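Q: Coordinates for the following, if possible.
(3 chains, ligands or ions: 2)
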Amino acid sequence: MNNLVQVQNVSKSFGEVNAVKGVSLEIDQGKFFSLLGPSGCGKTTLLRLIAGFEIPNSGKILIDNKSMDGVEPNLRPTNMVFQNYAIFPHLNVEQNVSYGLRKKNLSKAEKDEMISQVLELVGLTGLNQRSANALSGGQKQRVALARALILKPKVLLLDEPLSALDKKLREQMQLELRHLQRAVGITFILVTHDQEEALTMSDKVAVMFDGEVEQVDSPRKLYERPASQRVASFIGDMNFINEKALETKDGLKVKSKILGDIFIPKNQVSGKLSNNKIIIGIRPEMISIITKNSDSKGLISGKITDISYFGVTTYYKIECGSNAKALSVSAQNSFGQMDYKIGETVKLKMDVNSLVGFLD
Amino acid sequence: MTRSSKYLKFFAFTYLIFLYAPALLLPIFSFNSSQIIAFPLTGFTFHWFETLLHQSTLHEALRNSLIVAVSSSVLATILGILASRSATRYDFTGKQISLTFILAPLVLPEIIVGVALLIVLMQLGLSLNLWSVVLGHTLLIMPFSILIMNSAFNNLDISLEEASMDLGENQFGTFYRIILPLVFPGIMASLLIGFTLSLDEFIIAFFLTGTDTTLPVYIWAQFRFPKKLPTTMALGTLLLVTSFILLSLSEYFRRRAVNSRSSVL
Amino acid sequence: MIFAIRTETKKGWRLLSIPFIFSLLLLAAPLTMMFLLSFWTQDYLVLDKTFTLNNYIEAATQPVYQLLFQRSLIISLTVTFFTVLLAYPMAYFISFHGGERKALWLFLITIPFWTSYLLRMFLWKVILGYNGVFNSLLLWLEMITEPVTFILYNANAVVIALTHGWAPFAILPIFVSLEKIDRSLLEASRDLGDGPFHQFFRVILPLSAPGVVGAALIIFIPTVGDYITPKLVGGTDGLMIANMIQVQFSKANNAPLAAALSASSLMIVAFISIVFVLFNKKYLRRY
Ligand SMILES: Nc1ncnc2c1ncn2[C@@H]1O[C@H](COP(=O)(O)OP(=O)(O)OP(=O)(O)O)[C@@H](O)[C@H]1O
Ligand SMILES: [Mg+2]
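A: Ligands and ions are numbered 1, 2, ... in the order given. Okay, the predicted model is just below:
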């Protein structure tokens, strides 16, 4: 695979604040790549470093194997979709979209052709003369996209492009963006703090905390094999259980009061075992509640302490053993699903293959 | 980028020298012992400031100016509060055009306002006195008051008023207990700016004062006597210091107006 | 709904009526009176109220008035041009390179204008005079051998003094319009391939046009009628229409002619301003 964008040990600080601390990333050509992380973790800064609006204090950025040191933003093969879209208010849709074509020696006819193509691509056909301030949020978003795509950049940078839209439109635009990316084949780097958005849209996601990249993986790997507790709880919910473990050749043996005797294979464990301590993680949907009258051998029993109803799913808090933290369990509200009540004692079964272990 | 910003910085400082040139000369010549306003300087003296103490016509003019400045800034601020409260709170036909009209003195050449007012007073056979100046100044200052009060009222969150009404306070009580305290800094800024503008205004005062001269009219008269120039410079220095203090105060209040908004939000 | 609209109008007008009536009485009425008077004639102290255009004809045909109108316009247009030209880079510098010190810079710029306008204009006489500061400086620097005289008691002096006097009225509106420009627009323009030069002419300048137009009007309109500056530093070659209006009013005792001159200035100024605004209309849309 060809690494289109290479970020090599890049750091950036603003005065006292270290916004990006020694980040390294390799982003493949033609992929939809996301930077995900909580507010203030340095996603925007990293994106702006790639775009050239910020200059790294140290480290190097290469695009298409060319160093971007000292290359002005206007000369980089990147284009940006700004968080607030930055549509020029004094220009109409067509003028905005063709803004970057000035230097490209094109005839009027060629330009018009490109404009109508790109407007069609983003679904704005016929709005050429609409003035910028007459556009809705979604339309502005499309103009911003068209304006960048018409220049056929090697990398399209998007800073939380959907955060200003309402939920319905956001979900629709997520799909559209994904399709668009496949259609044009341009590498997209998307910044978002919405984990669902990152998972549904991306080929690969880099999760950032405090200026550092903690894990880069496919959405599925990220969800199923999070590299740290932070990642695990940032992306979805996870139960954490403190236990003691023994190392064997190809995994860890855990004698758990709650889970019983279990074995976790090496590839499901991150970190190094030091003082026998392990934190076992399991997603709420990987625990299921077994009806009372079925065979209860080898099952864990617990008492329901809380129930929250979410439409598609129901969340239960279940206490297993007197002094252990209550487990979160989620169950699909499907046909024939049992109704449980607070205070009821139930049996639980977990998918041992989905367990992950975190060592210090 | 860095080179062009260097040029810009150089330009900015040069321009600043140009802007400061006259204002810097004022204190210099007011402490210079020579009676002639020219370089080279001859020596340091407080004499010109001392002579200010013994000029009864000056004291008279100062008293007049204070009367005019206080009255017109208070009047203009009251009118400004009414206008901007109406402009910021209600939407109605004819608002824009009448406001534009009220704000017109902001750009009209003063001489025309002066001439027009003088004509009316003469035609009505009214005598010119300080009160005609007060009215003229109020007309000129009101637009400034409106602009200042507009931003004060704009910063006022309407839900605060609604909350007060909801809690059982009537309109008057709401105005007195909620609106007034919150726009108070704006009112102070408007009063101070109005006072300063009036204190410095010449044309209207020149046209509309009868025998009671104001400070700028007095200064204008002094220009005819070269011997009195250093004293006039000393007076100017004092005025500069006064305006400096007044406008710093108004800036302080304006900032407070802005801060009080952020603490409300 | 209609009821709601009515009460809004009523409440709005209840507050606005007082300042509005004040302005009617002190601005509209006097201006109307001035227009009326301009169609009458005065012989010494007797006012003849028969309608006549003679005052306007005199204002339009007498060479002295033509000259004064012309000179006032040229001076004030020149002042407007130079003030805006000098103010723009200053405002630009503060807005884009002022960093944390923007407020300080604005403060620094306004301080000198807290000196009385009269005194400031008078001090230009001290600066530009034969033995003035400027000449002493140039002599001392040996850039000239004899004091220059083309800078006092003529139109140049008026232009210099007014360009100084009105500087903050240009810097502040331009600064405000530059501050209002969303900085991401600048980045967007860079991102789409513009260098600093094109970024300025394609984005910054058009977006700050309202500030520039506003500044130009704020300076042009009042300076046409400036009385103090020409009187103090203009000599006879630098006198402007306001000086003549005052003379006609007081010394010549010809109030109707003064009114006609005022009315004519007002109309000329209004006409030029309207043309100017229409000319820039494209940029003055509310963004
Ligand atoms: N121009 C700047 N000057 C000073 N500090 C900055 C600047 N830009 C960013 N920072 C700081 O750097 C850190 C990272 O900021 P950044 O904008 O990259 O976060 P982010 O991950 O995009 O957050 P969000 O999701 O809220 O947009 C923050 O602490 C921020 O305050
Ligand atoms: Mg961000």
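Q: Near chain C, which residues of the stretch 151-265 of chain B? Just list them.
A: By CB under 8 Å from any CB of the partner chain, the part of the stretch 151-265 of chain B that sits against chain C consists of B:196, B:200, B:202-203, B:216, B:219-220, B:223, B:232-233, B:236, B:239-240, B:243-244, B:247, B:251. Any C-beta I mention is one placed from the backbone N, CA and C, and that applies to glycine too.
Q: Can you pick out the ones from those residues that are in strands?
A: When strands are assigned by DSSP state E, not one member of these lies inside them.
Q: Quick check: buried residues in the helix of greatest length in chain B?
A: Ranked by residue count under DSSP state H, the longest helix found in chain B is helix B:229-264. Neighbour-count burial for helix B:229-264 flags B:229-237, B:239-240, B:243, B:246-247, B:250-251, B:253-254, B:257, B:260-261 (criterion: 16 or more other CB atoms under 10 Å in any protein chain shown).
Q: which of the residues in stretch C:182-190 are buried?
A: C:182, C:184-190.
Q: Quick one: residues contacting the closest residue to A:Gln139 other than its chain neighbours.
A: If you skip the residues right next to it in sequence, A:Gln139 has A:Leu124 as its closest partner in space, 6.6 Å away by CB to CB, 6 or more residues apart in numbering or on different chains. When contacts are counted by CB atoms under 8 Å, 6 or more residues apart in numbering or on different chains, A:Leu124 is found next to A:93, A:139, A:142-143, A:146.
Q: a strand runs through A:Leu124, doesn't it?
A: No - secondary structure assignment places A:Leu124 outside any strand; it is coil (DSSP: H, G, I helix; E, B strand; the rest coil).
Q: What does it show for phi and psi?
A: phi -120, psi 20 (degrees, to the nearest 10).
Q: how close does it sit to chain C?
A: Using CB to the nearest CB, to the nearest Å, one obtains 17 Å as the distance from A:Leu124 to chain C.
Q: what ranges do the strands span in the stretch 1-150 of chain C?
A: Applying DSSP state E, counting those that start in this stretch to the stretch 1-150 of chain C gives strands spanning C:41-43, C:46-48.
Q: circling back: tell me the mean pLDDT for the longest helix of chain B?
A: Averaging the model's pLDDT scores along helix B:229-264 yields 76.
Q: got it, and stretch B:116-135?
A: For stretch B:116-135, mean pLDDT is 87.
Q: The helix or strand where C:Pro230 lies and chain B, are they touching?
A: Using DSSP states H and E, C:Pro230 falls within helix C:228-233. Yes - using CB under 8 Å from any CB, helix C:228-233 reaches chain B at C:228, C:232.
Q: for that helix, packing partners?
A: Identification of packing neighbours for helix C:228-233 by 3 or more CB pairs under 8 Å, 6 or more residues apart in numbering or on different chains; DSSP states H and E yields helix C:117-128, helix C:155-165, helix C:241-250.
Q: ok, now how distant is B:Leu117 from A:Leu169?
A: When CB to CB, to the nearest Å is the yardstick, B:Leu117 and A:Leu169 sit 59 Å from each other.
Q: Near ligand 1, which residues of chain A are found?
A: Contact residues (CB under 6 Å from any ligand atom) of chain A with ligand 1: A:14, A:17, A:19, A:37, A:39-45, A:193.
Q: again, 8 Å this time
A: A:14-15, A:17, A:19-20, A:37-48, A:54, A:83, A:159-160, A:191, A:193, A:208, A:211 (CB under 8 Å from any ligand atom).
Q: which other residues reach the helix holding C:Pro230?
A: Residues external to helix C:228-233 that are found in contact with it (CB under 8 Å, 6+ apart): B:202-203, B:223, C:75, C:117-118, C:121-122, C:124-125, C:128, C:152-153, C:157-158, C:161-162, C:165, C:238-240, C:242-243.
Q: Residue ranges in chain B under the pLDDT threshold?
A: Along chain B, the parts satisfying pLDDT under 70 run over B:1-2, B:162-169, B:257-265.
Q: can we see that at 50?
A: Applying pLDDT under 50 to chain B flags residues B:1, B:261-265.
Q: And chain C, is stretch A:44-56 touching that?
A: Yes - for a cut-off given as CB under 8 Å from any CB, stretch A:44-56 has contacts with chain C, namely A:51, A:53.
Q: and the residue of chain B found nearest chain C, what is it in contact with?
A: Closest approach between chain B and chain C, counting by CB to the nearest CB: B:Pro109, at 2.5 Å. By CB under 8 Å, 6+ apart, the residues touching B:Pro109 are C:221-222, C:224-226, C:242, C:265-266, C:269.
Q: go with 6 Å
A: With contact taken as CB atoms under 6 Å, 6 or more residues apart in numbering or on different chains, B:Pro109 is in contact with C:222, C:224-225.
Q: That one and chain A, how far apart?
A: In this structure, B:Pro109 and chain A are separated by 32 Å, where distance is defined by CB to the nearest CB.
Q: Report pLDDT for the residue in the stretch 51-200 of chain C positioned nearest to ligand 1.
A: Closest residue of the stretch 51-200 of chain C to ligand 1, CB to the nearest ligand atom: C:Arg183 (10.4 Å). As summarised for this prediction, C:Arg183 has a pLDDT of 90.
Q: The residue most central in space within chain C sits in which helix or strand?
A: In chain C, the C-alpha closest to the average C-alpha coordinate belongs to C:Ile219, at a distance of 2.2 Å (CA atoms, centre = their mean). C:Ile219 is part of helix C:205-224 when elements are defined by DSSP H and E.
Q: Which strands and helices lie in contact with that helix?
A: Judged by 3 or more CB pairs under 6 Å, 6 or more residues apart in numbering or on different chains; DSSP states H and E, helix C:205-224 is in contact with helix C:63-97, helix C:167-180, helix C:255-279, helix C:281-284.
Q: With mean neighbour count as added columns, please give those in JSON lines.
A: Rendered in JSON lines, the data for the helices and strands packed on helix C:205-224 read as follows (neighbours: other CB atoms under 10 Å in any protein chain shown):
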{"stretch": "helix C:63-97", "mean neighbour count": "19"}
{"stretch": "helix C:167-180", "mean neighbour count": "22"}
{"stretch": "helix C:255-279", "mean neighbour count": "19"}
{"stretch": "helix C:281-284", "mean neighbour count": "12"}
